[in-house]
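>>> pasting the sequence and the predicted model now:
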Number of protein chains: 2
Amino acid sequence: MDQRIGAGAAARGTATIEEVAARAGVSRSTVSRVLGGGDRVSAEALDAVRRAISELNYVPNRAARSLASRQTHAIALVVPEDTTRFFGDPFFAAIVTGINARLSRSDHVLNLFIASDDPGDKATSYLTGGNVDGALVASHHTSDTFVERINQAVPVVFGGRPVREHAADYYVDVDNVEGGRVGTRYLVERGHRRIATITGPLDMPAGVDRLQGFREVMADAGLTPGPAEDGDFTAIGGADAMRRILAAGDPPDALFVASDLMARGAMSALDGAGLRVPDDVAIVGFDDSPVAVSLTPRLTTVRQPSRLQGEAMADVLLARLAGGQPPHATILQTELVVRDSA
Amino acid sequence: MDQRIGAGAAARGTATIEEVAARAGVSRSTVSRVLGGGDRVSAEALDAVRRAISELNYVPNRAARSLASRQTHAIALVVPEDTTRFFGDPFFAAIVTGINARLSRSDHVLNLFIASDDPGDKATSYLTGGNVDGALVASHHTSDTFVERINQAVPVVFGGRPVREHAADYYVDVDNVEGGRVGTRYLVERGHRRIATITGPLDMPAGVDRLQGFREVMADAGLTPGPAEDGDFTAIGGADAMRRILAAGDPPDALFVASDLMARGAMSALDGAGLRVPDDVAIVGFDDSPVAVSLTPRLTTVRQPSRLQGEAMADVLLARLAGGQPPHATILQTELVVRDSA
DNA sequence: TGCATCCATGGGAGCGCTCCCATAGAGTCG
DNA sequence: CGACTCTATGGGAGCGCTCCCATGGATGCA
């Protein structure tokens, strides 16, 4: 109700640092030191302050702290324009979960920005205007100009290798080339010979790298790679790509598909064409997202540690903010999960 | 690079309000008034200030503003524990998009909180500690104790009717009962008689309400409702529910399914049982999320305006914060989208 | 013409915190 | 034992803004 707004504004009078100090019988400065980690504070003082804090249920005022320290303790999560797609993909869901998990162990808050490339955009000027300490960019497409601008204004960590990679950039990625190799190698080892692939968009490093892994293994095995069709990392795109592959004649006996979602599309297209998985066509996906086990047959897939990737992104950014020297590139390993589709 | 951190901290010296004032030849106060909406400011002053702002590329310092105004201009989006599910559902993706769209037109920022029910939880004390102006709660399950606590500390708007509805609560929901009626009525009008339903979890209002709509129409039509099985709003749950319905014997000739995701599961189970959609069993889903059109046959479904729901949630909260008197309940209408599955 | 009223404007005070410097007391060392 | 160092502590200043009140000029009305 409305009085709750009023009450909120009043109850907002959470204790201040002065009140905590008074109760603990120390000065403001000592409380501040305790808040900052408890260095240079005697054991008794530390104890008294901690007790006062919990008795008064004291929560430091972020605004005051930011103003004085010139740090915002806020981190932006910048999400590419196409939100529905972003959130609709379990891969991103896992990343966000990981970021959050790491951040909840720090005293930073996550600000969510659905970024548009609108020049003079409010969000951009907010980010470059000193209102966040750093940004996590989950864009997997061309690093639009606004990302460049943000990258110049505050420390940024990219999820996935940036499109226009710059030596100064920081990013956390999965070893997509090796993932592509692992998935393809499994198919080769199982005796498949006519192996096609459905790729991610080739303007995205993840799409390119997985395809490269596929090609390397095929070449090493002395096999001619089957068709490679772009499935756009979506279920619909995967189905379309599958139909194009089938329309080309000479159906493959196996398929390396660069995402689980696309594999789902491919499987339904295969089904429509009367082909059976894995008997007629074996399929290996990529992600090991929840959809992998929801399919029939359950999908054999290359697992990428997406949640971990989110945590690592936050980790690297936090390390940079703390003045550390984290590596520019953090590469996480993939793992094959064998189920029923291959 | 690291010097970028330093540069950032220095470049952080975005112009201050005083600098803008000096450049515009007015006082700090006048600039502040312009920032606050430009009331009580002469046309010339207004113009000069606006020009100075854009020339200096001035962005107000949020921390200082918050500290002085005792408003944080931050709004929390509280997401239930189960993140993967939350983000994995396109329904929620649409809601988040809507919230963001509305907020980007205000000067509020969105803080994302993946809430755990951990008592003494950092996030909870942050939220109740006066660090946000209000919260949007996307929980569709039991309103856990932490939500209660937040609800007492700051203005909250719920997405969906709260489980334990309280007269003082604000929420934005879809007319689920009517949606259930619309979907079922279509099936009845098409001549189907043995109509079963797959429901959402019955501890969620959306699950209960859609079922109620289904039952009402069946009763009005003088039909005996077929089995109602809980599909948990997931694809897997939908498939399981479908199998249970089939196992009960006497297969229905139509199905009202309370979400598109569950409809997808149901369709694959039907397919496994050798039954054809819509010839053997007609299906009406609920949501009209992207999966509806990705299915074969494309799903006839009850569209709910999820993006709009997100916008409305933000709208109501903003209105409350501005001291307005928005209605406690905002109910959005559904609409039948006829495609190929029924 | 005089006085009340209104408006645009300027400046002081203060939001709650951190940072820096000063200080007192306790050790340490030659 | 004096000079020095080190540690814990307190308090002033100031972060950049908003809010409130005072001011002076313009306007309205009798």
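Structure received.
>>> contacts only, for A:Asp133.
By CB atoms under 8 Å, 6 or more residues apart in numbering or on different chains, the residues touching A:Asp133 are A:71-75, A:108, A:154-155, A:321. Yep, even glycine has a C-beta here, placed from its N, CA and C like the rest.
>>> show me which of the residues you listed are buried.
A:71-75, A:108, A:154-155, A:321 (16 or more other CB atoms under 10 Å in any protein chain shown).
>>> show me where pLDDT drops low in the stretch 1-150 of chain A?
A:1-13, A:81-88, A:116-120, A:139-144 (pLDDT under 70).
>>> which bits of it sit near DNA strand D?
A:25-30, A:33, A:40-42, A:44-45, A:64, A:67-68, A:70 (CB under 7 Å from any atom of the strand).
>>> please list which of these also come close to DNA strand C.
A:28-29, A:64, A:67-68.
>>> so A:Ile99 belongs to a strand, correct?
No - read with DSSP: H, G, I helix; E, B strand; the rest coil, A:Ile99 is helix and lies in no strand.
>>> verify the stated contact: it with A:Leu136.
Yes - A:Ile99 is in contact with A:Leu136 according to CB atoms under 8 Å; the separation is 6.2 Å.
>>> which neighbours do the two share?
A:77, A:313-314.
>>> secondary structure added to the ones next to DNA strand C among the residues of the stretch 1-150 of chain A next to DNA strand D, as TSV?
Putting these into TSV (three-state DSSP) gives the following:
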residue	secondary structure
A:Arg28	helix
A:Ser29	helix
A:Ala64	helix
A:Leu67	helix
A:Ala68	helix
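>>> who has more neighbours, A:Ile99 and A:Leu136?
Just comparing A:Ile99 and A:Leu136: by other CB atoms under 10 Å in any protein chain shown the higher neighbour count belongs to A:Ile99, 28 against 25.
>>> which residues does that one contact?
Contacts of A:Ile99 by CB under 8 Å, 6+ apart are A:77, A:110, A:136, A:310-311, A:313-314.
>>> if we use 10 Å, what do you get?
Shown in contact with A:Ile99 (CB atoms under 10 Å, 6 or more residues apart in numbering or on different chains): A:75, A:77, A:110, A:136, A:138, A:157, A:159, A:307, A:309-315, A:317, B:112, B:114.
>>> that older thread, okay, and which of the shared contacts of A:Ile99 and A:Leu136 map to helices?
A:313-314 (DSSP state H).
>>> distance to B:Ile95 and neighbour count added to the shared contacts of A:Ile99 and A:Leu136, as CSV?
Compiled in CSV, these are given as follows (distance: CB to CB, whole Å; neighbours: other CB atoms under 10 Å in any protein chain shown):
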residue, distance to B:Ile95, neighbour count
A:Leu77, 17, 26
A:Met313, 24, 28
A:Ala314, 24, 28
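>>> out of the residues of the stretch 1-150 of chain A next to DNA strand D, which touch chain B?
A:64, A:67-68, A:70 (CB under 10 Å from any CB of the partner chain).
>>> now the helices for the stretch 101-250 of chain A?
In the stretch 101-250 of chain A, the helices defined using DSSP state H, counting those that start in this stretch lie at A:122-128, A:145-153, A:176-189, A:205-220, A:235-247.
>>> can you list those helices in a markdown table and add mean neighbour count?
Below are the helices of the stretch 101-250 of chain A laid out as a markdown table (neighbours: other CB atoms under 10 Å in any protein chain shown):
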| stretch | mean neighbour count |
| --- | --- |
| helix A:122-128 | 21 |
| helix A:145-153 | 19 |
| helix A:176-189 | 23 |
| helix A:205-220 | 20 |
| helix A:235-247 | 22 |
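>>> for chain B, what's the nearest residue on the stretch 101-250 of chain A?
The nearest approach of the stretch 101-250 of chain A to chain B comes at A:Gly129, 2.9 Å away (CB to the nearest CB).
>>> and the residue nearest to that residue when sequence neighbours are not counted, helix, strand or coil?
Spatial nearest neighbour of A:Gly129, excluding adjacent residues (CB to CB, 6 or more residues apart in numbering or on different chains): B:Val59 at 2.9 Å. The local conformation at B:Val59, judged by three-state DSSP, is coil.
>>> A:Tyr126 is in contact with B:Val59, correct?
Yes - with contact defined as CB atoms under 10 Å, B:Val59 reaches A:Tyr126; the gap is 6.7 Å.
>>> residues that sit against both of the two, list them.
By CB under 10 Å, 6+ apart, no residue touches both B:Val59 and A:Tyr126.
>>> which residues touch A:Thr30?
Taking CB under 10 Å, 6+ apart, one finds A:17, A:20-21, A:24, A:38, A:40-42, A:45-46, A:48-49 in contact with A:Thr30.
>>> wait, which of these is closest to A:Ser289?
A:Gly38 (42.2 Å; CB to CB).
>>> just give the nearest non-adjacent residue to the closest one, would you?
A:Leu46 (5.3 Å).
>>> contacts only, for the one you found.
A:24, A:26, A:30, A:33-34, A:38-39 are the contacts of A:Leu46 under CB under 10 Å, 6+ apart.
>>> closest to chain B out of those?
The closest of the contacts of A:Leu46 to chain B turns out to be A:Val34 (CB to the nearest CB; 16.6 Å).
>>> and the strand or helix carrying the closest one, which residues are buried?
Applying DSSP states H and E as the criterion places A:Val34 in helix A:28-35. In terms of neighbour count (16+ other CB under 10 Å), helix A:28-35 has its buried residues at A:30-35.
>>> what two of those residues are the furthest from one another?
Top of the distance list for the buried residues of helix A:28-35 (CB to CB): A:Thr30 and A:Leu35, 9.8 Å.
>>> dump the residue contacts of the residue lying closest to A:Pro297 once chain neighbours are set aside.
Among residues not flanking A:Pro297 along the chain, A:Asp340 sits closest, at 3.6 Å (CB to CB, 6+ apart). By CB under 10 Å, 6+ apart, the contact list for A:Asp340 reads A:277-278, A:282-283, A:293, A:295-300.
>>> among those, which are in strands?
A:282-283, A:300 (DSSP state E).
>>> domain-wise, how is chain A divided?
Using automatic domain parsing, the domain ranges for chain A come out as A:2-69, A:74-175+A:307-332, A:176-305.
>>> does A:Gly285 count as helix, strand or coil?
Going by three-state DSSP: A:Gly285 is strand.
>>> that one pairs with what?
A:Thr301 (DSSP bridges).
>>> next one: it from A:Pro227, what distance?
17 Å (CB to CB, to the nearest Å).
>>> neighbour-wise, which of those two wins?
A:Gly285 (33 against 19).
>>> am I right that that one is in contact with A:Pro297?
No - using CB under 10 Å, A:Gly285 is not in contact with A:Pro297; the gap is 11.5 Å.
>>> overlap in contacts, the two.
In contact with both A:Gly285 and A:Pro297: A:267, A:339, A:341-342, using CB under 10 Å, 6+ apart.
>>> what residues does the stretch 1-150 of chain A have near DNA strand C?
Close to DNA strand C, as judged by CB under 7 Å from any atom of the strand, the stretch 1-150 of chain A has residues A:13, A:16-18, A:28-29, A:31-32, A:35-36, A:58, A:60-61, A:64-65, A:67-69.
>>> just the buried ones among these, please.
Neighbour counting with 16+ other CB under 10 Å marks A:16-17, A:31-32, A:35, A:58, A:60-61, A:65, A:67 as buried within these.
>>> identify the farthest-apart pair in the residues you listed.
Checking these with CB to CB, the most distant pair is A:Tyr58 and A:Leu67, at 18.2 Å.
>>> now the closest residue to DNA strand D within the stretch 101-250 of chain A. Its backbone dihedrals?
The minimum distance from the stretch 101-250 of chain A to DNA strand D, using CB to the nearest atom of the strand, falls at A:Gly130 (8.6 Å). A:Gly130 adopts backbone torsions of phi 80, psi 20, taken as degrees, to the nearest 10.
>>> this completes my enquiry, with thanks.
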